[in-house]
Every structure is written in structure tokens, then in C-alpha cells.
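In: my questions are about this predicted structure, shown below with the sequence.
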Amino acid sequence: MLCNEFDPERRAIINPEDCYQPVEGFPEICIGIFSKPIMEWILETYGGEEVSHFGCCIGAIPVYKIKAHGTEAAVFMPLVGGPGAASTMEVCIPQGGKYFVYFGAAGVLQKGISHGKLLLPTAAVRDEGLSYHYLPPADEVELDPKSVSACREALESLGVPYAQGKTWTTDAFYRETRQKAARRREQGCVFVEMECASLAAVAQFRGVPFAEFFYATDTVDDAGWDSGVLHEKGRGLEEVCFRAAVETGKRMAARGRSVK
């Protein structure tokens, strides 16, 4: 099996630091936002200075430095899916990024979780490919407990209700069958999305703090699919999600500096 070919060698043929250099003034806190409406709201509300970009064959993806809620942060829209999202973390690290918070949509596997509610993953089932190049084979990857705690504290400090648990990271949006969803529920999964396991694996391999949270958009259960508010792309959740991401990043950075 190819997924059993993990190579612990730290140096690859192509390395992020070979392609990207430190950027003066690049914020330590990096926030990846899987929502164009939320990204547009942030730039309209807080402004932003483009400090870098991710080179990509479909066009450059800008990275903006913003000042909000007493701190600076780099904000950007990652590509959807594990490889594209993970590459944004890889590129930010050599440029100066140290603390990573990502947020976006997720489906829920239980009817009792309302659409629009925030979701906090504590571990991810690795039903994707990228993580197997960064970590030895295993069914799951645990998210960094300290970073999860930072996100939990941020949500609670803001009075934001949330559900927490394990997430199912899959590459195949159109292959979430009833049988597979049932197996993931048996494994303890509460949510389903497409990037968390990949991001967690890269963060662990590179030794950077990483947290993620989602907003519930749709439901995948025994009855089938309820598309819920997926079409809204995060509209109406702009302020709560961005504030939660910033406060999470601030707590992660504070803990990182205290260790030093």
C-alpha cells in the first residue's frame, strides 16, 4: 500500500524554505479562511495590506496583514482540499508564520447539531492522502491539545456555543456514502470536512501550533443529505468566526512566548 511509504527524512527534493524567504513584518498569527464572503467582510471592515501571496497555476492567492482586536494577523483564503490548504501552511512558515488558525464549513453527522453552530475538532480521521506523507500510517491524527484548549477558551470567553469531537476528513465530497458515514460515526466522528487531518499532519511535522474550528452548514445522516445553509458560504457568521479565530491565535501566541 502506498499509504505505508511514510519517509521520516526531513529534507525533501523541494522544500518550502528553498522557495520562500522571510518577509519583513509578516505576522506570526496566520488565519486561513475557507469563505470568500467572510474574507471580503474582513477586508472591508478592517482593511488590509497585501504582504505576500501563494503562487498558483490558477492565479496568485494574496496574503493580507490586518490589525484587529489588539493584534496583527495574516489572513488568506486557502484552496479547498488537503493538499491546497496544507500548502498555504507550508508557505507561511518560512515567511514568518508561527501560529495557525483555520476555519470554514463542515457537515455534521448528527441531527442534533444545529446549522450555524460552531464546531471544535479534537482529532481527525485520515480519510485523505496528504497526511500519510507527513506522519506514519494511522487511522487518526490528534490535534495539538494546547491549541485546541486555546480555541476552546476563546470560544468560551466570547460566549459562543459550540460542539466538540472528532472530525472525518475526506478527499471525496461526492463519495460520502451512507455506509461510510455510518462507519465514521462508529469511530466517533461528529463532523465531516476536507482539510483538517492534512493541516494537523503538516503542523505536527513542522512543529507549529495549529487549531481549527468549523461552522455547521449541512447534515449527513441515515436520512441522507440536508444541505442546510451550505449555500450561504458563512454569511451572517463573519464577526463571530473572525473574532474567535483572532482570540484563538492570540492565546496560542501568548503560550508560545511564555514557553520561551
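Out: Structure's in. What do you need?
In: helix or strand with the lowest mean pLDDT in the chain?
Out: Here the helix or strand of the chain ranked lowest by mean pLDDT, DSSP states H and E is strand 224-226, holding a mean of 88.
In: so how far is it from its chain's centroid?
Out: Strand 224-226 sits 24 Å away from the centroid of its parent chain (C-alpha atoms, centre = their mean, to the nearest Å).
In: got it, and stretch 207-220?
Out: Using C-alpha atoms, centre = their mean, the distance from the centre of stretch 207-220 to the centre of the chain it belongs to is 6 Å.
In: against residue 10, how distant is the residue nearest in space to the middle of the chain?
Out: A centroid search over the chain (C-alpha atoms, centre = their mean) returns residue 102, at 3.3 Å, as the residue closest to the centre. Noted for residue 102: a distance of 24 Å to residue 10, by C-beta to C-beta, to the nearest Å. Every C-beta, even on glycine, is put in place using the N, C-alpha and C of the backbone.
In: for the stretch 1-150 of the chain, what are the low-confidence residue spans?
Out: Judged by pLDDT under 70, the stretch 1-150 of the chain has its weakly predicted residues at 1.
In: residue ranges of the strands in it, please?
Out: Counting by DSSP state E, counting those that start in this stretch, residue ranges of the strands within the stretch 1-150 of the chain are 29-33, 49-54, 61-68, 71-76, 99-108, 118-127, 140-142.
In: please identify the deepest-packed of those.
Out: With neighbours taken as mean count of other C-beta atoms under 10 Å, these reach their highest mean count in strand 99-108, at a mean of 26.
In: output the contacting helices and strands for it.
Out: Applying 3 or more C-beta pairs under 8 Å, 6 or more residues apart in numbering; DSSP states H and E, one finds that strand 99-108 contacts strand 29-33, helix 82-95, strand 189-193, helix 196-206, strand 210-221, helix 238-259.
In: adding distance to residue 152 as columns, could you present these in CSV?
Out: Formatted as CSV, the entries for these read as follows, by distance: least, C-beta to C-beta, whole Å:
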stretch, distance to residue 152
strand 29-33, 17
helix 82-95, 21
strand 189-193, 15
helix 196-206, 16
strand 210-221, 9
helix 238-259, 9
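In: who are the contact partners of the residue nearest to the centre of the chain?
Out: With contact set as C-beta atoms under 8 Å, 6 or more residues apart in numbering, residue 102 has these partners: 31-34, 78, 85, 195, 199, 210-212.
In: now do residue 118
Out: Residue 118 makes contact with 155, 160-163, 213-216, 240-241, 244, according to C-beta under 8 Å, 6+ apart.
In: contact partners for the residue nearest to it when sequence neighbours are not counted?
Out: The shortest distance from residue 118 to any non-neighbouring residue, by C-beta to C-beta, 6 or more residues apart in numbering, is to residue 162 (4.2 Å). When contacts are counted by C-beta under 8 Å, 6+ apart, residue 162 touches 117-120, 152, 155, 213.
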